[in-house]
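Peer 1: This is a predicted model, with the sequence first.
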Amino acid sequence: MTDARTALVLFSGGQDSTTCLAWALERHAHVETLAFDYGQRHRIELECRHTVRRELAASFPHWAGRLGEDHLLDLGLLGQISDTALTDARAIEMQANGLPNTFVPARNLLFLGFAAALAYRRGATVLVGGMCETDYSGYPDCRDNTIKAMQVALSLGLDAPLVIETPLMWLSKAQTWALAHTLGGAALTALIEEHTHTCYRGERGERHAWGHGCGQCPACALRAAGHAAWRGEVA
Ligand code: ZN
């Protein structure tokens, strides 16, 4: 059964949001994508996302007709008010509060607020995001309760129904790879390996089994470990 509601996917061009995009395309009759430019160091992901959209449409004709407009919102102000390793060239490390210094305070709250505003204008009543509190960096704005609270706040504030779907919330990184395989088989996992971007440092670099990246930063480490676990290369 196809869901007639229009879905707006928060689509950064990474592994998680590409899996979410495939998940939405499998379910919804019309799917649009949204990304934010906030001065992130890994700006290369903003270019990867066009390639991913193009490759998805080419490899999965039954999804191509459902894939609608792409949107890019300029959130440069987020770079102005945050002081993190995600937006500045500095070493990525743990802070005293247990969070890595890649944490951009309230990033997902702002993203969801702007996504809801765009969804309202575009007639979309479903937001889809790759937030996950299973294999994650501990960002409190990725947690299920935070997202559910945002869903309630936005639905009330817009006085319109708005559902936030987070298909990866309770999946490990290995299970996210497995979900992609369920949705699109080896063609989709190969597409994700080759074309999506995860590395915080913005490096494409060497091609590993799990894709391109520096192989050292926390995002690369998570992606590599999940891929290895999915492939059964580790216990
Ligand atoms: Zn990296």
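Peer 2: Yep, it's here.
Peer 1: Within range of the ion, give me the residues from the chain.
Peer 2: Within the chain, the residues that sit near the ion (Cβ under 5 Å from the ion) are C199, R201, G213, C214, C217, C220. Every residue, glycine included, has its C-beta placed from N, CA and C.
Peer 1: Counting neighbours, which of the residues you listed end up buried?
Peer 2: C199, R201, G213, C214, C217, C220 (16 or more other Cβ atoms under 10 Å).
Peer 1: Show only the entries of those found in strands.
Peer 2: For these, membership in strands holds for none, with DSSP state E as the criterion.
Peer 1: and those residues, which of them are in helices?
Peer 2: Judged by DSSP state H, the subset of those located in helices is C220.
Peer 1: TSV for the buried ones among the residues of the chain next to the ion, including pLDDT?
Peer 2: Converted to TSV, those look like this (pLDDT from 0 to 100):
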residue	pLDDT
C199	89
R201	84
G213	93
C214	93
C217	86
C220	92
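Peer 1: Let's have the buried ones among the residues of the chain next to the ion in JSON lines, adding distance to P167.
Peer 2: Conversion of these to JSON lines gives the following (distance: Cβ to Cβ, whole Å):
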{"residue": "C199", "distance to P167": "23"}
{"residue": "R201", "distance to P167": "27"}
{"residue": "G213", "distance to P167": "23"}
{"residue": "C214", "distance to P167": "27"}
{"residue": "C217", "distance to P167": "25"}
{"residue": "C220", "distance to P167": "23"}
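Peer 1: Give me the mean pLDDT for stretch 38-48.
Peer 2: The predicted model gives stretch 38-48 an average pLDDT of 78.
Peer 1: Show me what the longest helix along the chain is packed up against.
Peer 2: In the chain, with assignment by DSSP H, the single longest helix is helix 173-195. Here helix 173-195 touches helix 15-27, helix 44-59, strand 211-212, helix 218-230, going by 3 or more Cβ pairs under 8 Å, 6 or more residues apart in numbering; DSSP states H and E.
Peer 1: now that helix against helix 44-59, angle please.
Peer 2: For helix 173-195 and helix 44-59, the angle between their directions (axes from the mean of the first three to the mean of the last three Cα atoms, to 10 degrees) works out to 90 degrees.
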